[in-house]
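In: What follows is a predicted protein model with its sequence.
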Amino acid sequence: MKRFTGAVVALASLALSRSAAAQRAWPVDLQAVATNSSIRQQIVPLGAENVGSSISLRGYEASLIGPSSGFGLYGRYSAGEVGGASKRQLLEGRVLIGSPQFRLEVGYAERRHALVDSSLQYLRGGFTTTTNLGTSGIAIRFRAIGTMPVKRDGVPFNQHLGWEGETNVSYTWPRFPVFAQLGYRIESMRHPTGDEEQSSLVMGVGLWLKP
């Protein structure tokens, strides 16, 4: 995490120095953002009443895609308090295919459950669209992802598919490649012991170099 933060600061310093006069075009589409998520988690264990919990996670997201090559990478890391200690809750990586405006995404993730002391490994695939509203600096993003669990605590199991939907609105300052975003994410998944749904409000601030 310290290396990632240092890299973001270095990129931000370089970008700010090169765009002091005006925003410029870059050869790649690069985003690096620090996020804070307020999550409401609901789990319905088989034969039991609905169990709910509120979770706060802090993390980092980064994506890089070449408009000319049509390929890129995405990574996400989140951690939060569990049992009085900060523990990793999500680690994810994806391969991007397409353009900054529309791209297909295929990847792998590992996630820990706050209410159930177990971890889950699963495959993910879907698409993301990004619409820039002219030269206003405002962008609207929508993401739809399907999930396929493959292991729970290292043990294979058969499982129903899940899904995740996300949308956010961001604003990039006109003279600097710095942006702020506000979004909403919802995820639904069925486990061997019950159903789970997460809804979260996601806020972030970061660096966005646009082609």
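Out: All right, it came through fine.

In: Check which helix or strand the residue nearest to Gly59 when sequence neighbours are not counted maps to.
Out: Using CB to CB, 6 or more residues apart in numbering and skipping residues adjacent in sequence, the residue nearest Gly59 is Ser78, 3.3 Å away. Bear in mind the C-beta positions are built from the backbone N, C-alpha and C, glycine included. Element membership for Ser78, per DSSP states H and E: strand 71-82.

In: which is the next helix or strand following that strand?
Out: Next along the chain from strand 71-82, counting by DSSP H and E, comes strand 85-98.

In: Walk me through which strands that following strand pairs with, and which way each runs.
Out: Looking at strand 85-98 with DSSP bridges, its partner strands are strand 71-82 (antiparallel), strand 102-112 (antiparallel).

In: circling back: touching the strand holding Ser78 from outside, list them.
Out: Outside of strand 71-82, the residues within contact range by CB atoms under 8 Å, 6 or more residues apart in numbering are 1, 4, 29, 35, 37, 55-66, 86-97, 103, 105, 107, 109, 112, 114.

In: Sketch out the helices for the protein, chain order is fine.
Out: Secondary structure of the chain, counting by DSSP state H: helices at 2-18.

In: shaky segments in it?
Out: 1-24, 45-52, 82-88, 113-118, 152-160, 191-194 (pLDDT under 70).

In: For Val106, list the residues it contacts.
Out: Arg94, Val95, Ile97, Leu123, Arg124, Gly125.

In: Distance check, it against Ser54.
Out: 31 Å (CB to CB, to the nearest Å).

In: so what's Gly66 up against?
Out: Neighbours of Gly66 in contact, by CB under 8 Å, 6+ apart: Pro27, Val28, Asp29, Gly72.

In: Next: Leu182.
Out: So Leu182 contacts Asn168, Val169, Ser170, Leu201, Val202, Met203 (CB under 8 Å, 6+ apart).

In: Equivalent analysis for Ile55, please.
Out: Applying CB under 8 Å, 6+ apart, the residues near Ile55 are Ser37, Ser38, Ile39, Arg40, Gln41, Gly80, Gln89, Ala114.

In: Bridge partners for it, pull those for me.
Out: With DSSP bridges as the rule, Ile55 is bridged to Ile39.

In: Tell me how far it lies from Leu201.
Out: 12 Å.

In: what touches both of those two?
Out: Ser37, Ser38.

In: And the contacts of Ile55, which is closest to Arg141?
Out: Ser37 (15.6 Å; CB to CB).

In: ok, now how distant is that closest one from Leu73?
Out: 21 Å.

In: circling back: now intersect the contacts of Leu182 with the strands, please.
Out: Asn168, Val169, Ser170, Leu201, Val202, Met203 (DSSP state E).

In: would JSON lines of those residues with neighbour count and distance to Ile145 be doable?
Out: Below are these laid out as JSON lines (neighbours: other CB atoms under 10 Å; distance: CB to CB, whole Å):
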{"residue": "Asn168", "neighbour count": "18", "distance to Ile145": "14"}
{"residue": "Val169", "neighbour count": "14", "distance to Ile145": "19"}
{"residue": "Ser170", "neighbour count": "22", "distance to Ile145": "19"}
{"residue": "Leu201", "neighbour count": "13", "distance to Ile145": "18"}
{"residue": "Val202", "neighbour count": "21", "distance to Ile145": "14"}
{"residue": "Met203", "neighbour count": "15", "distance to Ile145": "20"}
